[in-house]
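Student: All I have is the shape, not the residue letters:
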């Protein structure tokens, strides 16, 4: 686990990934907002990038998983930094709902297969 965003960036520079590469960040207009946010055993940070038409700056929640960085929920899902932070504040509830939906879908699929 990483203690700071600087530690995360240094690690990714050492292993040669392009996520924090200056040219990559310039291309996307990426800015990092704040430091690492811990939620349980998970770590996140928030970025913003220009919208595809260049008219707005939109925010994305990123999840850190070892050497990988993934987009949590959706790329540029949030209109404001406050919305992205609020989403992280409700992360555990969101995950529970997602897991419950998956379990319900699987149960419904099982029931339908038994009825055939």
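Tutor: That came through, no problem. What you are looking at is a predicted structure, and each value in this text was computed from that prediction instead of being measured.

Student: could you pull out the helices for the chain?
Tutor: 5-15, 22-28, 81-89, 91-115 (DSSP state H).

Student: Make TSV out of these and add mean neighbour count and mean pLDDT.
Tutor: C-beta here means a position set from N, CA and C on the backbone, and glycine is covered the same way. Formatted as TSV, the helices of the chain follow (neighbours: other Cβ atoms under 10 Å; pLDDT from 0 to 100):
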stretch	mean neighbour count	mean pLDDT
helix 5-15	14	94
helix 22-28	11	91
helix 81-89	16	91
helix 91-115	10	72
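
Student: Same list (those) but as JSON lines, adding distance to residue 66.
Tutor: Listed next are these as JSON lines, based on distance: least, Cβ to Cβ, whole Å:
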{"stretch": "helix 5-15", "distance to residue 66": "10"}
{"stretch": "helix 22-28", "distance to residue 66": "20"}
{"stretch": "helix 81-89", "distance to residue 66": "20"}
{"stretch": "helix 91-115", "distance to residue 66": "19"}
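
Student: Of those, which is nearest residue 50?
Tutor: With Cβ to Cβ as the measure, helix 22-28 is the member of the helices of the chain nearest residue 50 (7.5 Å).
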